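after the sequence you'll find the predicted model.
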Number of protein chains: 2
Amino acid sequence: MGRPREHDTVTRDRLLAAAARLSADEGWEAVSVRRVADEAGTTTRAVYSLFGSKQGLEEALHEAMFERLGELMAETPRSDDPRGDLLAMRHAYRRWATERPERYAALMRFTGPRAAPRSPAGLALARSATAELREAIARCAEAGQLAERDIDALTVQWRAVAHGLAEFENHGLLEDGDLAWRRVLAALFDGYAAQAH
Amino acid sequence: MGRPREHDTVTRDRLLAAAARLSADEGWEAVSVRRVADEAGTTTRAVYSLFGSKQGLEEALHEAMFERLGELMAETPRSDDPRGDLLAMRHAYRRWATERPERYAALMRFTGPRAAPRSPAGLALARSATAELREAIARCAEAGQLAERDIDALTVQWRAVAHGLAEFENHGLLEDGDLAWRRVLAALFDGYAAQAH
DNA sequence: AGGGTATCGCAACGCCGTTATGGTACGGTG
DNA sequence: CACCGTACCATAACGGCGTTGCGATACCCT
């Protein structure tokens, strides 16, 4: 039946690597299909054969980002102290957002009403990455340490707060990043706990 | 000594209005110098005479945004309850961020290490807009309702949290926006207050 | 061994931001 | 009032962008 798609992924990987490096070094606005193709030693046509469009290439980069978040989330230890676990998760999110600031900022532009429809694989990755966070929050709630009953709402709120901290840190607005993350998330948790009884 | 710069601002205003409308209706990526000039009934050269570049035009839009934030902040009432005042300020920030989502998101891209140097006027506007927030936090601290002594750090943290909520709401990730803003900022404040003694 | 398809080089299209050139309209000065 | 210097902006062009039609090639599957 002809040549299968997964003959070899060397060109695909080189295009991805070139795009990631250009994006990290000079920002996404410096990433053009021509430059990516040149750096990968091929032509623009390869991008359109392999990814469909420049946006397709960017989505592939985003999927790699979500995989990385899953890795970092899985690395955080799980103890019998749900409050400590929830607070510890900030390290995973913070590291994820700050180790590739350019890519992190680009992720948000793809989410929302005017955004392009995300691929099913990307959606599944994003969902599974937040599953562990949701579980940690649920364990806190079961331990009676949270006033709020809506676990999904709490998960989204945690993510929103972390996102704000991440963007501020990436933009150099946080004087002491580690301290700000600790203080804000601890205060948020303590505030929810204070309403519990 | 010849024709002064402020002869009339009609072309300038029309360009600004066209750019704002295009950005709101179809997103900033749909805003091209040609389209803006066409909609304003002039040519691209006018943009470069009046604003220097497309980025200059965007900065003018940002200055209008900061003016609007100042307006909204000034509208929030000031009572003798510092906690209530601080919580009430969320309405100003929330309205500001959500009434022009496209422009709000663009603002962040201009702030940061790789961003273009902002105009002095824009900087002053941004600074004065946060002054009232800082003052409200200082009054809370004076009333002994906050554990933290570093008012500037608290101001930045408040802004970071508000920013995260704003972006999540603009991207349709908050099921009940009003509730999330209230819950998160109240919990944050309560958490800080709980550490006070 | 051969057919069929995924891959990708080449050249082109229409759009973009930007600018060199020049014409025009207007406020200030004599 | 004449006129001059300057701000404003119309025209046309340049290089770069994302994208695509066409053709050649390399490779898996039967």
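Looks like it arrived, so ask away. It should be emphasised that the depicted structure is a prediction, and the values quoted were computed from it without experimental measurement.

does stretch A:33-48 reach chain B?
No - judged by Cβ under 8 Å from any Cβ of the partner chain, stretch A:33-48 and chain B are separated, with a smallest distance of 15.9 Å. C-beta: built from backbone N, CA, C; applies to glycine.

quick one: contacts of that stretch?
Here stretch A:33-48 makes contact (Cβ atoms under 8 Å, 6 or more residues apart in numbering or on different chains) with A:11, A:14-15, A:17-19, A:21-22, A:53-54, A:57.

how is chain A divided into domains?
Following automatic domain parsing, one finds the domains of chain A at A:6-52, A:58-194.

quick check: which ranges of chain A have low pLDDT?
Along chain A, segments meeting pLDDT under 70 span A:1-8, A:112-114, A:116-117, A:196-197.

do you have the helices of it handy? List them.
Along chain A, the segments classed as helices by DSSP state H run A:10-26, A:33-39, A:44-51, A:54-75, A:82-99, A:101-110, A:120-142, A:151-170, A:177-194.

tell me which of these is the most buried.
Mean neighbours per residue, mean count of other Cβ atoms under 10 Å in any protein chain shown, is largest over the helices of chain A for helix A:151-170, with a mean of 22.

can you name the residue of chain A nearest to chain B?
With Cβ to the nearest Cβ as the measure, A:Gly164 is the residue of chain A nearest to chain B, at 2.5 Å.

dump the residue contacts of the residue nearest to that residue when sequence neighbours are not counted.
Closest residue in space to A:Gly164, ignoring its immediate chain neighbours: B:Gly164 at 2.5 Å, by Cβ to Cβ, 6 or more residues apart in numbering or on different chains. Residues counted as contacts of B:Gly164 (Cβ under 8 Å, 6+ apart) are A:159-165, A:167.

and with 10 Å instead?
By Cβ atoms under 10 Å, 6 or more residues apart in numbering or on different chains, the contact set of B:Gly164 is A:157-168, A:184, B:184.

and for A:Ala19?
The contact partners of A:Ala19, by Cβ under 10 Å, 6+ apart, come to A:28, A:31-33, A:35-37, A:39-40, A:47, A:51, A:54, A:57-58, A:60-61, A:103.

need the contact list for the nearest residue to A:Ser128 once chain neighbours are set aside.
Closest residue to A:Ser128 apart from its sequence neighbours, by Cβ to Cβ, 6+ apart: A:Gly70 at 6.2 Å. Shown in contact with A:Gly70 (Cβ under 10 Å, 6+ apart): A:92, A:96, A:125-126, A:128-132.
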